[in-house]
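S.K.: turn this into a structure:
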Amino acid sequence: MLLDHLAIDPDRLRRLLDGINGFGFNPETGGYNRIGYCDADMAVREWLSDQMRTAGLTVRRDAVANLFGRFGPADGPCIMVGSHLDTVPEGGAFDGALGVAAALECVRAIREAGLVPGLAIEVVATAEEEGRFGGMLGSQSIAGIVTAKWVSRACDADGVTLVDAMAAQGLNATDAVDAKRSSGDIRAFLELHIEQGPVLESRGLSVGIVRSVAGVRNLRVRFEGEANHSGTTPMDMRADAFAGLAMVGTAIPEIITTHGGENTRVTIGKADLLPNFIHTIPGEAEFVINIRDTDPALIESVDAALREAIGTAARTNRLKAGIVEQSRIAPVQLDRDLAALLQEEASRLGLEALAMPSGAGHDAQTMQALCPAALIFVPSRGGVSHSPREWTDWADIEKGANLLLAALVRLSGSIKR
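M.R.: Just a heads-up that it's a prediction; the model follows:
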């Protein structure tokens with residue numbers, strides 16, 4: 001068979017990933033800093049453009065800095081494959097970047113083998129996937145689900161607006177709403193990504209095939225009380241904003257037990273106190289609650305319970321409370337036929353592939369709104385991600401990348417020249 005001896009070059013893949021991670025590296029922490037639309041994020045896109053051209057791809061960049069490298073017919077539909085290049089602050093070496101590098105390596109392997117795709121293959125490096133501004137802007141723009149209202153209001157945790165961040169890089173944020181690809185332009189979207197959880201490693205498996213991706217909802221909560229002296233104000237006369245925050249935090253386990261399910265995740269990962277001084281009762285607390293689940297009904301139920309807990313905490317602690325829904329991404333069922341194809345190719349390669357959900361958001365879930373989408377997972381050591389300690393063994397990466405390669409050859413109709 002055509003695929004029997006076709007494989008990626010793991011050393012070449014590793015060099016490509018190392019090249020990507022030459023941008024934004026912090027030698028003091030071991031972390032990577034390519035937050036969306038920072039200088040390092042834009043610089044790595046220029047570098048990857050050159051790598052794509054050298055590999056024989058036709059390269060272009062769209063209005064939001066999504067980077068595309070096309071191999072095969074210049075016209076007509078394509079099979080799109082890739083992931084993102086941006087990171088969280090002090091992130092790891094594999095999240096997103098591995099999927100981009102693996103996509104380009106697959107095309108290099110196809111080209112090197114003298115195969116010609118019947119359908120073009122487009123390698124994509126999406127922009128701003130990590131949600132600096134509350135969404136997955138790159139893939140959302142491709143899928144046509146970005147609104148002008150959201151673009152005009154989006155800002156990061158430090159108050160920097162999306163409009164200003166893009167303008168600093170010579171981009172016009174309002175063009176995001178016009179970056180949609182047509183529904184017939186992309187026949188399928190494939191993504192390879194690290195699991196960012198412990199399941200595959202715990203089962204001794206190298207590959208997972210994702211069937212569903214959790215939805216994400218972020219609630220920005222603000223408690224207003226009264227700042228006062230920590231030594232002279234009796235405990236029963238305080239309006240302590242932190243006490244309200246603490247009550248909400250301690251309510252989360254019971255809310256999940258009562259209103260959630262096995263895939264429910266609720267996190268308070270961002271909080272600010274004012275005046276934030278050791279001898280002063282906090283007069284203000286602002287925090288973000290992150291809600292995730294694969295079931296939209298459970299997200300609604302947990303959201304309602306959290307709002308009730310916020311109200312109770314405010315009344316108990318003499319606080320004013322405000323809640324703003326900062327962003328939402330609906331849970332998604334990925335394409336069954338593509339998942340079945342991946343299972344078939346995994347079996348042919350002798351790989352046991354676990355059908356599984358994803359608790360983290362990925363470009364594949366956004367692209368499913370435009371075209372059939374599939375997501376391959378490879379293990380994360382210790383389930384660690386978004387950290388300099390993020391690691392995936394190269395033996396597992398090679399297996400996942402070869403599964404991606406096999407799917408690309410089959411979907412693109414590649415034949416011997």
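
S.K.: mind listing what Gln343 touches?
M.R.: Each residue near Gln343 by C-beta atoms under 8 Å, 6 or more residues apart in numbering is listed here: Ile209, Ala353, Ala355. Where you see a C-beta, it was placed from the backbone N, CA and C, and this is true even at glycine.

S.K.: of those residues, buried ones?
M.R.: Buried positions within the contacts of Gln343, assessed by neighbour count (16 or more other C-beta atoms under 10 Å), are Ile209, Ala353.

S.K.: which ones among the contacts of Gln343 are found in strands?
M.R.: Within the contacts of Gln343, residues falling in strands by DSSP state E are Ile209, Ala353, Ala355.

S.K.: sec struct for Ala271, please.
M.R.: strand (DSSP: H, G, I helix; E, B strand; the rest coil).

S.K.: residues of stretch 306-326 that come out buried?
M.R.: Leu306, Ala309, Ile310, Ala313, Ala314, Asn317, Leu319, Ala321, Gln326.

S.K.: what of stretch 298-308?
M.R.: Buried-residue list, stretch 298-308, by 16+ other C-beta under 10 Å: Leu298, Ile299, Ser301, Val302, Asp303, Ala305, Leu306.

S.K.: state the pLDDT value of the closest residue to Leu274 other than its chain neighbours.
M.R.: Using C-beta to C-beta, 6 or more residues apart in numbering and skipping the chain neighbours, the partner closest in space to Leu274 is Glu284 (4.1 Å). In this model, Glu284 is scored at 98, pLDDT.

S.K.: how close does the residue nearest the centre of the chain get to Asn228?
M.R.: The centroid of the chain falls nearest to His362 when counting by C-alpha atoms, centre = their mean (4.0 Å). Distance of His362 to Asn228, computed by C-beta to C-beta, to the nearest Å: 46 Å.

S.K.: repeat for Ser301
M.R.: Counting by C-beta to C-beta, the gap from Ser301 to Asn228 is 37 Å.

S.K.: where do the helices of the stretch 201-350 of the chain begin and end?
M.R.: With DSSP state H, counting those that start in this stretch as the criterion, the stretch 201-350 of the chain has helices at 241-259, 296-316, 336-348.

S.K.: turn the ones you listed into TSV, including mean pLDDT.
M.R.: Compiled in TSV, the helices of the stretch 201-350 of the chain are given as follows (pLDDT from 0 to 100):
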stretch	mean pLDDT
helix 241-259	98
helix 296-316	98
helix 336-348	98
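
S.K.: and Gly76, how many neighbours?
M.R.: 12 (other C-beta atoms under 10 Å).

S.K.: so it makes contact with Gly118?
M.R.: No - counting by C-beta atoms under 8 Å, Gly76 stays clear of Gly118, with 9.3 Å between them.

S.K.: nearest to Arg217 among the buried residues of stretch 306-326?
M.R.: Ranked by distance to Arg217 (C-beta to C-beta), the buried residues of stretch 306-326 are led by Gln326 at 8.5 Å.

S.K.: and that closest one, what is it in contact with?
M.R.: Gly134, Asn218, Leu219, Arg220, Val288.

S.K.: buried ones among these?
M.R.: Buried among those by 16+ other C-beta under 10 Å: Gly134, Asn218, Leu219, Arg220, Val288.

S.K.: and those as JSON lines, adding distance to Phe242?
M.R.: Shown next, in JSON lines, are the buried ones among the contacts of Gln326 (distance: C-beta to C-beta, whole Å):
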{"residue": "Gly134", "distance to Phe242": "25"}
{"residue": "Asn218", "distance to Phe242": "21"}
{"residue": "Leu219", "distance to Phe242": "18"}
{"residue": "Arg220", "distance to Phe242": "17"}
{"residue": "Val288", "distance to Phe242": "15"}
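
S.K.: run a quick neighbour tally on Ser230.
M.R.: 14.

S.K.: again with the one 5 residues further on
M.R.: Met235 sits with 8 neighbouring residues when counted by other C-beta under 10 Å.

S.K.: want to throw the helices of the stretch 201-350 of the chain into TSV with distance to Arg70?
M.R.: Compiled in TSV, the helices of the stretch 201-350 of the chain are given as follows (distance: least, C-beta to C-beta, whole Å):
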stretch	distance to Arg70
helix 241-259	45
helix 296-316	35
helix 336-348	21
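
S.K.: so of the buried ones among the contacts of Gln326, which two are at opposite extremes in space?
M.R.: Farthest pair in the buried ones among the contacts of Gln326, by C-beta to C-beta: Gly134 and Leu219, 11.7 Å.

S.K.: low-confidence regions, the protein specifically.
M.R.: By pLDDT under 70, the weakly predicted segments of the chain are 1-4, 417.

S.K.: tell me the domain boundaries of it?
M.R.: Domain assignment for the chain by automatic domain parsing gives 10-214+331-416, 215-329.

S.K.: so which of these is the most surrounded?
M.R.: Comparing the domains of the chain by mean neighbour count (mean count of other C-beta atoms under 10 Å), domain 10-214+331-416 ranks first with a mean of 20.

S.K.: quick one on the thing from earlier: dump the contacts of Gln343 to TSV, plus distance to Leu190.
M.R.: Output for the contacts of Gln343, formatted as TSV (distance: C-beta to C-beta, whole Å):
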residue	distance to Leu190
Ile209	11
Ala353	14
Ala355	16
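
S.K.: I'd say Gln365 and Gln333 touch.
M.R.: No - Gln365 is beyond contact range of Gln333, at 9.2 Å (criterion: C-beta under 8 Å).

S.K.: for the residue lying farthest from the centre of the chain, list the residues it contacts.
M.R.: Distance from the C-alpha centroid of the chain, by C-alpha atoms, centre = their mean, peaks at Thr232 (47.2 Å). Thr232 sits next to no residue when contact means C-beta under 8 Å, 6+ apart.

S.K.: Gly382 now?
M.R.: Contacts of Gly382 by C-beta under 8 Å, 6+ apart are Pro198, Glu201, Arg389, Trp391.

S.K.: ok, so what distance separates it from Trp391?
M.R.: 8 Å.

S.K.: same check, this time on Ala346
M.R.: Applying C-beta to C-beta, the value for Ala346 to Trp391 is 23 Å.

S.K.: before we move on, what about Arg34?
M.R.: Distance from Arg34 to Trp391, by C-beta to C-beta: 18 Å.

S.K.: correct me, but the residue nearest to Leu274 touches Val221?
M.R.: No - contact between Glu284 and Val221 fails when scored by C-beta under 8 Å: they sit 11.2 Å apart.
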